[in-house]
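Novice: need coordinates for the following:
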Amino acid sequence: MSTHAATEAPVKQAPAQQKLPPGPRLPRFLQTIAFILAGPRFLEACRRRYGGAVTLGTLFDDKFVMLFDPALVKELFQGPHDQLRAGEANALLGPVLGQRSVLLLDGSEHLRHRKLMLPHLHGQRMQAYAQTIQEATDREIDSWPLGEPFALLPTMQSLTLQVIMRAVFGYEPGPESDELRSRLRAMVEPLSRPRGLPLMMLLGRLGSDRRGAAQQFDARRREVDEILFGEIARRLSGHETTATGLAWTFDLVLHSPEVLAKARVEGDEYLDAAVKEALRIRPVIPGVGRVVRGEPFRLNGYVIPPGVEINPSIRMIHRRPDVYPDPAAFRPERFLSEDAPDTYTWVPFGGGTRRCLGASFALMEMRIVLARVLERVPLRPADPERERVQFRAITLSPRNGTRVIQQSPPASA
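Specialist: This next block holds a predicted model:
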C-alpha cells in the first residue's frame, strides 16, 4: 500500500541546515483563526504545499509539527518512549483526569501502569462484558420516543456510562446509581463542552495556580486518591469518546441505505468493518501528540528540538486518496479486503506503546450496540444530510447530536 499521495509534495530529506519541516509564514494569530474557522481546509492546503510534515504555530502553541504521512507516523510511533513524551502532550487534560492518570504518565511509570491495566481490557475478561452492554442498550432503546426526532448522542453517552458503572463499579440500575451517574457525568463534563478545549488549555497552563473546584480537589487528595481519581476519570472520558464514535457510526450508516441493509443481515465481521470505517471518516480525537525531550528527535532527516510537539493529524491521514480511494465515501468493505488499512494508516486510537488501552473494548462495545439497535429498532435520519463536525473540548462530535426518528415500536428484547 503506497504511503505517498500524488496530489501532495513528496517527503524529502531535509537539507543539513534545515531543522524543522517547512510551514506557512502566517502570524500565529492568523494560523489560530485558520484552525478554528477552516481547520480541515487549512491542513489540506498545508499538506498539498509542504508534503508529509509541516511546522505550525498558534496562540496556544507557538511551534509544533503536524504529520500527514503514514511513513512518518510509523517513525514517530516506533520512536523511543523516553524521548517522545505523550504524557506531556496530554497535559491539558490534567485538570479533569488528575496528574496521575495513565494518560499523563511517561516512561517506565506509564509502562508499569499500562501493564497492570491491559489484561482487564482484552481477551476473555473483556468478552464477559458483552451481556452488560446488550442489557444497557435495551434499556436505552426502551426509553426512546416514537415518531419524533431525538438526538442519539446523549442516549449513547447514557448507555456507555451505564456500561462503565456496571463493569467498573458494579452498580445496578436504580435511584442510587442514577445519582452516581449524574455526579460522574459532572466530573468529566468539561470534555463535552463545545468550547471546553480553550478552557482546559488555560487550566493546564495555569498549573499550580488553578482556581475553583480543581484546585480544591488537588489540595485534599493524597497520591493514592489521585491515582484512583485519574483512572476513574480516564475510564469516564473513554465512555465519552465511545459514545461520540457510536453517534458518528449511526449517522453514517443511516445515511447509507446500502450499508444499512447489509448491516441488518451481515454478521459481526461486517459490523466491525462499519465501525472502523466510521472511525476513519469521523475520528473522535483529532491528534495523538508526542513532546520531544532530551536529545533532538530525527524524523526523516528533520531535527525536531526538545520541547516541540509532534502531532499526527488523524483526519488527514484517514483522508489520503492514495490509501483510501474516494476517501469521503463510506465503504466498510475497505476493512474486509486483503489490502485493509494497517496500524499506521488507520490510527483513531493512536499507536505504539501509547495506543488507547480501551481500543479493543470500545470496538466491541460499538459493534454490540450497533447490532442490537439495528436488530430491534427501525431508525431513520431526521435530517437529509450527514452531520457536520463540532469541536467539543477534545472530541470531534456531530453538531446536532445525530438526530434520528424511531418509526415504529422496538421489537421485544
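Novice: alpha carbons only for contacts and neighbour counts from here, please
Specialist: Fine.
Novice: where does the stretch 151-300 of the chain have low pLDDT?
Specialist: 168-238 (pLDDT under 70).
Novice: what segments of it are helices?
Specialist: Counting by DSSP state H, counting those that start in this stretch, the stretch 151-300 of the chain has helices at residues 152-164, 175-187, 196-206, 213-220, 223-254, 257-265, 268-281.
Novice: in terms of residue numbering, what are the domains of this structure?
Specialist: Split into domains by automatic domain parsing, the chain comes to 1-78+286-347, 92-284+349-413.
Novice: endpoints of stretch 311-329, how far apart?
Specialist: 25 Å (Cα to Cα, to the nearest Å).
Novice: what sits up against it?
Specialist: 1-6, 40, 43-44, 64-70, 73, 280-283, 285-290, 341, 345-348 (Cα atoms under 8 Å, 6 or more residues apart in numbering).
Novice: buried set for that stretch?
Specialist: The neighbour-count check on stretch 311-329 (16 or more other Cα atoms under 10 Å) flags 311-321, 323-324 as buried.
Novice: Serialize those to a markdown table and add fields for secondary structure, pLDDT and distance to residue 383.
Specialist: Shown next, in a markdown table, are the buried residues of stretch 311-329 (DSSP: H, G, I helix; E, B strand; the rest coil; pLDDT from 0 to 100; distance: Cα to Cα, whole Å):
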| residue | secondary structure | pLDDT | distance to residue 383 |
| --- | --- | --- | --- |
| 311 | strand | 93 | 34 |
| 312 | strand | 94 | 32 |
| 313 | strand | 94 | 29 |
| 314 | helix | 94 | 27 |
| 315 | helix | 93 | 24 |
| 316 | helix | 94 | 26 |
| 317 | helix | 96 | 28 |
| 318 | helix | 96 | 25 |
| 319 | coil | 95 | 24 |
| 320 | coil | 94 | 28 |
| 321 | coil | 93 | 28 |
| 323 | coil | 94 | 30 |
| 324 | coil | 96 | 27 |
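Novice: how near is the most centrally placed residue in the chain to residue 257?
Specialist: Central residue of the chain (Cα atoms, centre = their mean): residue 285, 3.0 Å from the mean position. Counting by Cα to Cα, the gap from residue 285 to residue 257 is 27 Å.
Novice: now do residue 406
Specialist: Taking Cα to Cα, one finds residue 406 at 16 Å from residue 257.
Novice: so if I had to pick from these two, which one is more boxed in?
Specialist: Ranked by neighbour count (other Cα atoms under 10 Å), residue 406 and residue 257 place residue 406 first, with 20 against 12.
Novice: my read: the more buried one touches residue 145, true?
Specialist: Yes. Contact criterion Cα atoms under 8 Å: residue 406 and residue 145 qualify, at 7.0 Å.
Novice: what about the nearest residue to residue 396 once chain neighbours are set aside, how many neighbours?
Specialist: Closest residue in space to residue 396, ignoring its immediate chain neighbours: residue 284 at 5.0 Å, by Cα to Cα, 6 or more residues apart in numbering. Residue 284 has 29 neighbours, counted by other Cα under 10 Å.
Novice: for residue 284, give its distance to residue 32.
Specialist: In terms of Cα to Cα, residue 284 sits 21 Å off from residue 32.
Novice: what does residue 325 give?
Specialist: Counting by Cα to Cα, the gap from residue 325 to residue 32 is 31 Å.
Novice: residue 357 in helix, strand or coil?
Specialist: Following DSSP: H, G, I helix; E, B strand; the rest coil, the label given to residue 357 is coil.
Novice: for it, phi and psi?
Specialist: Note on residue 357: its backbone torsions stand at phi -60, psi -30 [degrees, to the nearest 10].
Novice: show the pLDDT at it.
Specialist: For residue 357, the pLDDT comes out at 79.
Novice: repeat that for residue 11.
Specialist: 56.
Novice: show me where pLDDT drops low in the stretch 1-150 of the chain?
Specialist: In the stretch 1-150 of the chain (pLDDT under 70), the answer is 1-18, 87-106, 110, 113-114, 116-122.
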